[in-house]
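[1] Generate coordinates for the sequence data below:
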Amino acid sequence: MAKYPLSAEELARFAHLGREGSTLTVLRHARIAERMGLSATDHKVLELAGQAPGPLTAGRIAELTGLSTGAVTGVMDRLEKAGLARRVRDTADRRKVLIEVVPGALERHAPLFESAYTNMKAVLEEFSPEERKVLERFQSAVLDGLRGELPGNSSRP
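    Below you'll find the predicted structure:
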């Protein structure tokens, strides 16, 4: 892939935007978690489990989040109590316990994210299809870099 020079000023502008975007995203998700009756950590574990192609073990959740397995147990207790996730036995290895999102649990809270989707649609409509491809490529590359920085996150859940 081609490399293009980047000035220190330009890098600083993008770094500022990234920090501000990160802060606002964390604050927004903390508010959403609160409305769901969850902590921010509980909410993000639920999101990870919901994005996974299938149920996850507590160990895999610990690996993805950097939480201890004991902390994951506490998160799972709270998610089960809230009716959002459940523990199930692995059909291939009955000794393993898997964590899965209760069907329909994420959809129940979808209205909390509606304003974000509305805003994203309005903003993206200001960019041409070609520009959106560049934005998508940029966002994907940033996410790949973030995944690479986190323990256990070399790939998606």
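
[2] Quick check: which ranges of the protein have low pLDDT?
    For the chain, the stretches flagged by pLDDT under 70 are 151-157.

[3] Kindly recompute the last result at 90.
    For the chain, applying pLDDT under 90 flags the ranges 1-2, 54, 58, 64-66, 69, 89-97, 146-157.

[4] Show me what the strand or helix carrying A62 is packed against.
    Here A62, judged by DSSP states H and E, is contained in helix 58-65. In this structure, helix 58-65 packs against helix 40-51, helix 69-81, strand 97-101, with contacts taken as 3 or more CB pairs under 8 Å, 6 or more residues apart in numbering; DSSP states H and E. The way it works is simple: take the backbone N, C-alpha and C, and place the C-beta from them, glycine included.

[5] what's next to it, contact-wise?
    The contact list for helix 58-65 (CB atoms under 8 Å, 6 or more residues apart in numbering) reads 41, 44-45, 48-49, 56, 67-69, 71-73, 75-76, 97, 99, 150-153, 157.

[6] hang on, the earlier thing: next, format the helices and strands packed on helix 58-65 as TSV and append distance to S140 and mean neighbour count.
    Converted to TSV, the helices and strands packed on helix 58-65 look like this (distance: least, CB to CB, whole Å; neighbours: other CB atoms under 10 Å):
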stretch	distance to S140	mean neighbour count
helix 40-51	15	19
helix 69-81	28	16
strand 97-101	24	19
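
[7] Select, out of the ones you listed, the one closest to R19.
    helix 40-51 (18.0 Å; CB to CB).

[8] re earlier: just want the angle from the helix holding A62 to helix 40-51.
    Relative orientation of helix 58-65 and helix 40-51, computed by axes from the mean of the first three to the mean of the last three CA atoms, to 10 degrees: 110 degrees.

[9] Distance from helix 58-65 to the middle of the chain?
    Mean C-alpha position of helix 58-65 versus that of the full chain (CA atoms, centre = their mean, to the nearest Å) differs by 13 Å.

[10] Could you pull out the buried residues of that helix?
    58, 60-65 (16 or more other CB atoms under 10 Å).
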